[in-house]
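**Q** need a 3D model of the sequence below.
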Amino acid sequence: MSLDETEQKIDVREGIVHSSIPADELARLSDDVISALKTVYDPEIPADIFELGLIYKIDIEDDRMVKIMMTLTAPGCPVAGEMPGWVENAVGAVEGVSGVEVEMTFDPPWTPDRMSEEAQVAVGWY
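**A** Numbering: from 1, shown residues only. This next block holds a predicted model:
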């Protein structure tokens, strides 16, 4: 039995969805998307949103649409209305990205333990 090339191939042993994007291009896109996310800062915290752990999920679809699920340090964050636009602009500038969708979530709520060691050092918690 063979799979149709247009079907999404799922490796159930590892829970991995395989992409039709060549591996080297997918790796470059992933690195470039993360680099772009690292240019976006919460104005009240001296660390980027990626290192703060505000990015919960990044999906790069076969059509090179990037879907990002993220949160904020608090639901009442003063830049809550602006932050998704900053993320869309930063990631949308990455070569090869066809578009960006940002979804905000507060489940699970962000906690400081999501911060990388780099972010902990930046805010003086390490």
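**Q** for the longest helix anywhere in the chain, packing partners?
**A** Secondary structure of the chain per DSSP state H: the longest helix is helix 23-37. Applying 3 or more C-beta pairs under 8 Å, 6 or more residues apart in numbering; DSSP states H and E, one finds that helix 23-37 contacts strand 55-60, strand 65-70, helix 83-92. Where you see a C-beta, it was placed from the backbone N, CA and C, and this is true even at glycine.
**Q** tell me which of the ones you listed sits nearest to Thr105.
**A** Counting by C-beta to C-beta, Thr105 lies closest to strand 65-70 out of those; the figure is 5.7 Å.
**Q** packing partners for the closest one?
**A** On a contact count with 3+ C-beta pairs under 8 Å, 6+ apart, strand 65-70 meets helix 23-37, strand 55-60, helix 83-92, strand 99-104.
**Q** off-centre distance for it?
**A** 6 Å (C-alpha atoms, centre = their mean, to the nearest Å).
**Q** so that it lines up with my notes, have the first residue be 27 from now on.
**A** Got it, first residue is 27 now, which makes that one strand 91-96.
**Q** avg pLDDT for that strand?
**A** Regarding strand 91-96, the rounded mean pLDDT is 96.
**Q** now do the buried residues in that strand.
**A** Within strand 91-96, the residues that count as buried by 16 or more other C-beta atoms under 10 Å are Val92, Ile94, Met96.
**Q** please apply the same query to stretch 142-152.
**A** Ala145, Gln146, Ala148.
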